[in-house]
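Engineer: The following comprises the amino acid sequence and a computationally predicted model.
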Amino acid sequence: SARQDADAPIRATDSDASLARLSAVKKGYLTDPFIAHFVPRAQSQPSRPPLINIGTTIRSESIDDLVESWMKLCILEGLKCQIVSLGAGSDTRFWRIATGSHKDLVVKYIEADFAEVTAKKAMTVKKSSTLMASLGDPSTVIIGGGGTTLSSPVYNLLPADLRKPPAEGMQAVIELLDKDVPTLLLFECVLAYISPELSSALIKHFASYFRDSAPLAGIVYEMFGLEDSFGRVMKNNLKARHVDLQGVAPYNTKASLPQRFLSLEFTMAKALTLFEIRRQYLSEEKSKSMSQVEMLDEVEELDLVLSHYAITWGIKIPEGEKFKSYRE
Ligand code: SAM
């Protein structure tokens, strides 16, 4: 349909994300044994520029750290957890967690994206013995919905259009979730493509579902502050590829980013730009090893780009005495 065609450039941003990840892995910035499975002809894909490799590395490792902190909170409370990644694309996080030390903690891992994207991912997973190995007994892995869904005891892949009213669009996701299990929502590089009203409605939908029963955390990675001259260049580059950034406009300053969560009565929310993370939070060892991988000529450009991307996280804790560790 016309609408599906109009969405093709948005779906194509997933290839950018996975190519960037593959490039950072091949250059040795990042470790991810799974990404090559999701990129066709992975061996012969050209590398991305140093600036992209560094940005991808900081983003990826910072989100890993936040997810790790969330899982540790759940362990402290003696609880399991659920993870829902919306606009998940070819993300490999499920497999990295499933082969890591917290593999038994996550009782449900749900990914949603456009049907074209989930169909491709479902096929890739089904065809790979490495990826299938993390899904449990193969007889419990079921492809359905004309090839667009994959279900297994923990990992579930579902088609969804995030622009639909959440009561409709998120119904299949919500049905898989246990109301009493702490849940983490991931929006990695996706909310820019959705209007602010819709992304707010989306988060609110999950917040009301878990309101009295369990903590809900959210992590958002996004571009922001695109109103300055450099931001306009970034925006125009995407526009030239017919990608419309509807969701960026109201979040022009770093201070406005936590409002995504605070306006929905989250207990806390914070944001850091990739620039700040690079300057203040990376270990000296990591900064040093990153700068030794390859020559970076455009240091100023790197700083400028990194200061237009941010990670925001928030948590909403039910009232009362329970879930104390999540408050601290
Ligand atoms: N989260 C992944 C990552 O960080 O590697 C993929 C990011 S990619 C830049 C954006 C993803 O969001 C694409 O896979 C795209 O199809 C998905 N997406 C964008 N708008 C969407 C919508 N309205 N409904 C479902 N998925 C959407």
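Structural biologist: Perfect, I can see it now.

Engineer: so the one residue sitting closest to the centre of the chain bridges to which residues?
Structural biologist: For the chain, E188 is the residue whose C-alpha lies nearest the centre (CA atoms, centre = their mean; 2.8 Å). Assessed by DSSP bridges, E188 has beta-bridge partners Y221.

Engineer: Surely it and D64 touch.
Structural biologist: No - in this structure, E188 is not within contact of D64 by CB atoms under 8 Å, at 11.1 Å. For glycine as for every other residue, the C-beta is placed from the backbone atoms N, C-alpha and C.

Engineer: how near is the residue nearest to the centre of the chain to the ligand?
Structural biologist: Distance of E188 to the ligand, given as CB to the nearest ligand atom, to the nearest Å: 3 Å.

Engineer: per-residue confidence for that residue?
Structural biologist: E188 is assigned a pLDDT of 97 by the prediction.

Engineer: show me the contacts for it.
Structural biologist: For E188, the contact set (CB atoms under 8 Å, 6 or more residues apart in numbering) comprises 59, 63, 85, 87-88, 91, 219, 221.

Engineer: ranges for the helices of the stretch 101-250 of the chain?
Structural biologist: All helices of the stretch 101-250 of the chain, identified by DSSP state H, counting those that start in this stretch, fall at 115-127, 129-132, 166-169, 171-176, 196-210, 229-240.

Engineer: For the ones you listed, could you give me JSON lines that also reports mean pLDDT, mean neighbour count and distance to L51?
Structural biologist: Listed next are the helices of the stretch 101-250 of the chain as JSON lines, based on pLDDT from 0 to 100; neighbours: other CB atoms under 10 Å; distance: least, CB to CB, whole Å:
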{"stretch": "helix 115-127", "mean pLDDT": "97", "mean neighbour count": "19", "distance to L51": "26"}
{"stretch": "helix 129-132", "mean pLDDT": "98", "mean neighbour count": "14", "distance to L51": "30"}
{"stretch": "helix 166-169", "mean pLDDT": "97", "mean neighbour count": "15", "distance to L51": "35"}
{"stretch": "helix 171-176", "mean pLDDT": "98", "mean neighbour count": "15", "distance to L51": "35"}
{"stretch": "helix 196-210", "mean pLDDT": "96", "mean neighbour count": "19", "distance to L51": "27"}
{"stretch": "helix 229-240", "mean pLDDT": "80", "mean neighbour count": "14", "distance to L51": "12"}
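
Engineer: So for I142, which of these sits nearest?
Structural biologist: I142 lies closest, by CB to CB, to one member of the helices of the stretch 101-250 of the chain: helix 115-127, at 10.0 Å.

Engineer: Which elements pack onto that closest one?
Structural biologist: helix 2-26, helix 35-38, strand 106-113, helix 129-132, strand 149-151, strand 155-159 (3 or more CB pairs under 8 Å, 6 or more residues apart in numbering; DSSP states H and E).
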